[in-house]
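1. Need the 3D shape of this:
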Amino acid sequence: KTLLKYGCRSLLTAVAVIALMISDGVTPQASAADDADYTITVIPKGPTHDFWQSVHAGAIKAQKELAEKKDVKLNIVWQGPLREDDRNSQIQVVQANVAKGVSAIVLAPLDSRSLRNPVRMANSRKIPVVIIDSDIERKGVDLVSFVATDNYKGGKLAGEEMARILDGKGNVVMLRYAVGSASTEAREKGFVDAIKEFEGIKLISDNQYAGATAETAREKSGSMLTGLKDQKIDGIYCPNESSTFGMLRTLQERNLAGKIKFVGFDSSPKL
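-> Numbers count the residues shown, from 1 in each chain. Below you'll find the model as predicted:
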């Protein structure tokens with residue numbers, strides 16, 4: 001439908017911005033679709049992390065604010081894969097919503113490359129797309145906007161903080177998140193680049209991946225630390241909520257929490 005009071009592209013970006021900026025504590029509610037001017041599908045990387053729950057709350061808040069201020073009736077559909085490593089499921093979700101002819105899509109791509117063709121499909125149907133949180137390869141893709149943290153800068157800040165709390169010297173390890181996740185890859189690169197600036201700090205392991213959940217991260221953390229048992233570890237960096245929480249659990253189990261300097265990215269009430 002053509003919306004006279006508010007342009008679709010501006011509306012879609014507003015939904016994405018509010019979704020990423022909202023704080024925790026807002027309870028998402030179902031929206032009525034019967035008389036909606038627009039149906040916007042918000043597709044996260046997964047439903048379990050506290051971050052995505054706050055994004056969901058933000059989308060619902062945008063729905064309410066636009067209804068009050070702009071007299072826009074939105075139907076917000078929240079739909080994503082059950083796990084953050086299920087690229088095929090996320091691709092299918094995008095394709096299904098394109099086939100339905102939804103008004104617009106807000107997408108946090110699990111993989112910067114494999115989600116490109118589904119977005120192209122949306123472009124071919126003239127369905128506006130906003131990418132949030134994690135970037136997508138842009139060649140041949142038309143986006144309304146990209147809304148995200150400066151993840152590279154965030155990673156550099158993490159590296160600089162690590163150097164500060166280590167007084168510029170020591171052995172550091174990094175537990176990566178997942179191959180193809182643009183947001184965490186940028187955080188990892190920023191961290192590595194920052195650490196390189198300190199001659200007294202040595203990155204002794206950076207080739208292990210935590211996987212999609214806190215549990216897989218806990219298991220990988222354990223095997224990584226076991227493999228490095230003959231080396232002194234002074235600092236650890238993890239680039240997202242689940243890898244940070246999994247590593248924290250391992251450090252607690254081994255009575256190392258508070259003894260090894262630990263910098264993590266993202267936050268949650270549990271952390």
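2. Mind giving me the packing neighbours of the helix or strand containing residue 164?
-> Using DSSP states H and E, residue 164 sits within helix 151-165. Contacts defined by 3 or more CB pairs under 8 Å, 6 or more residues apart in numbering; DSSP states H and E place helix 151-165 against helix 182-195, strand 235-238, strand 261-264. C-beta: built from backbone N, CA, C; applies to glycine.
3. now the angle from the next helix or strand after it to helix 151-165?
-> The helix or strand immediately downstream of helix 151-165 is strand 170-176, counting by DSSP H and E. On the basis of axes from the mean of the first three to the mean of the last three CA atoms, to 10 degrees, strand 170-176 is oriented at 150 degrees to helix 151-165.
4. angle of strand 170-176 against helix 182-195?
-> Going by the same axes, to 10 degrees, strand 170-176 makes 170 degrees with helix 182-195.
5. which other helices and strands contact strand 170-176?
-> If you count contacts as 3+ CB pairs under 8 Å, 6+ apart, strand 170-176 packs onto helix 182-195, strand 201-209, helix 214-227, strand 235-238, helix 241-253.
6. same thing but at 6 Å, please
-> strand 201-209, strand 235-238 (3 or more CB pairs under 6 Å, 6 or more residues apart in numbering; DSSP states H and E).
7. Out of the ones you listed, which is closest to residue 154?
-> strand 235-238 (11.5 Å; CB to CB).
8. The closest one - what's its average pLDDT?
-> Averaging pLDDT along strand 235-238 yields 98.
9. Who does that strand pair with, and is each partner parallel or antiparallel?
-> When pairing is defined by DSSP bridges, strand 235-238 lines up against strand 170-176 (parallel), strand 261-264 (parallel).
10. Just say which of these is most tucked in.
-> strand 170-176 (a mean of 23; mean count of other CB atoms under 10 Å).
11. For the spatially closest residue to residue 170 that is not a sequence neighbour, which residues are in contact?
-> Counting by CB to CB, 6 or more residues apart in numbering, the nearest residue to residue 170 once its immediate chain neighbours are dropped is residue 234, at 3.1 Å. Shown in contact with residue 234 (CB atoms under 6 Å, 6 or more residues apart in numbering): 166, 170, 171.
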